[in-house]
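In: Structure, please.
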Amino acid sequence: MMSASSQPVQNPSPQLLLIDDDASLSKLIRDYCATDGLVVAAAATGEEGLCLSQQKRFQLIILDVMLPGVDGFEVLKRIRQRSNTPVLMLTTRGAARDRIQGLQSGADDYLPKPFEPDELVARIRSILRRAYPTQAMAHLIVGDVILDERERSVTVGPSSVDFTGAEFQLLRLLMESPGKPLSREELVPQVFGRDITIFDRSIDNLVGNLRKKLGNHPNGTERIKGIRNVGYAYVAEKTAS
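Out: Got it, this is the predicted structure:
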């Protein structure tokens, strides 16, 4: 289990609803999110979660698929009947059918269990940025890397690191969804404003630059992982088991 590291986020604090029957995991998520300025209300059943979601407006709902009684898919269906509140679904690792069904039913993103708390917080921030662009948070924080969009700056631990515009944009895209593979086909248009071409190595070259400038995680593991026949993913450091 990872220990939480305190990181500031922009106020006012986003209000989140967690619907998960795992009490120990719920406490971990609430405590970790609190250190990042995210306020989390928790519900242990689908019925309780639906009731809370009707009583108060939340900026985002974290919803586990496997719930006693009313399962996560039915909860999502009922939420979507009356609300467009962003939903991040927690699924069993390897259960591709659950992820596909969740996305088709209106979930905004999914995160397989088990996961690193850093990755959960980064996914939450990414969804909030997309859903509430006028309230976008100024910082992306994954482990010891802080990306400040307003200042166009990046710090790794105590050190400031300079990046070109394209490098900064690529790093931002990778950090928004740590652990999630992003293909060259989707990265090229967002980084360079053009379609990918045959034998296009532009993203590969930028990744090489990022790896040199960022270095490895403090524990020696690679920050940006190449996914064969897919693309790249930013990998959050695992500091404990």
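In: Can you pull out the low-pLDDT segments for this structure?
Out: 1-12, 93-95, 133-138, 238-241 (pLDDT under 70).
In: quick check: domain ranges of it?
Out: 15-135, 139-234 (automatic domain parsing).
In: tell me how far the ends of the shortest one are from each other?
Out: With CA to CA, to the nearest Å applied, domain 139-234 spans 16 Å between its terminal residues.
In: Wasn't L50 part of a helix?
Out: Yes: assessed by DSSP: H, G, I helix; E, B strand; the rest coil, L50 belongs to a helix.
In: Let me see the contact set for the residue nearest the centre of the chain.
Out: Most central residue of the chain, judged by C-alpha distance to the mean C-alpha position with CA atoms, centre = their mean, is R123 at 1.2 Å. Contacts for R123 (CB atoms under 8 Å, 6 or more residues apart in numbering) come out as 88, 109, 111, 177-178, 180. (Glycine included, C-beta is placed from N, CA and C.)
In: Secondary structure element holding it?
Out: Using DSSP states H and E, R123 sits within helix 117-131.
In: Please apply the same query to G208.
Out: Going by DSSP H and E, G208 is part of helix 202-214.
In: The chain: strands as residue ranges?
Out: 15-19, 39-43, 60-64, 87-92, 109-113, 139-142, 145-148, 153-156, 159-161, 182-183, 224-227, 231-234 (DSSP state E).
In: winner for burial among these?
Out: strand 60-64 (a mean of 25; mean count of other CB atoms under 10 Å).
In: what distance separates that strand from the middle of the whole chain?
Out: 13 Å (CA atoms, centre = their mean, to the nearest Å).
In: Tell me what angle it forms with strand 87-92.
Out: 20 degrees (axes from the mean of the first three to the mean of the last three CA atoms, to 10 degrees).
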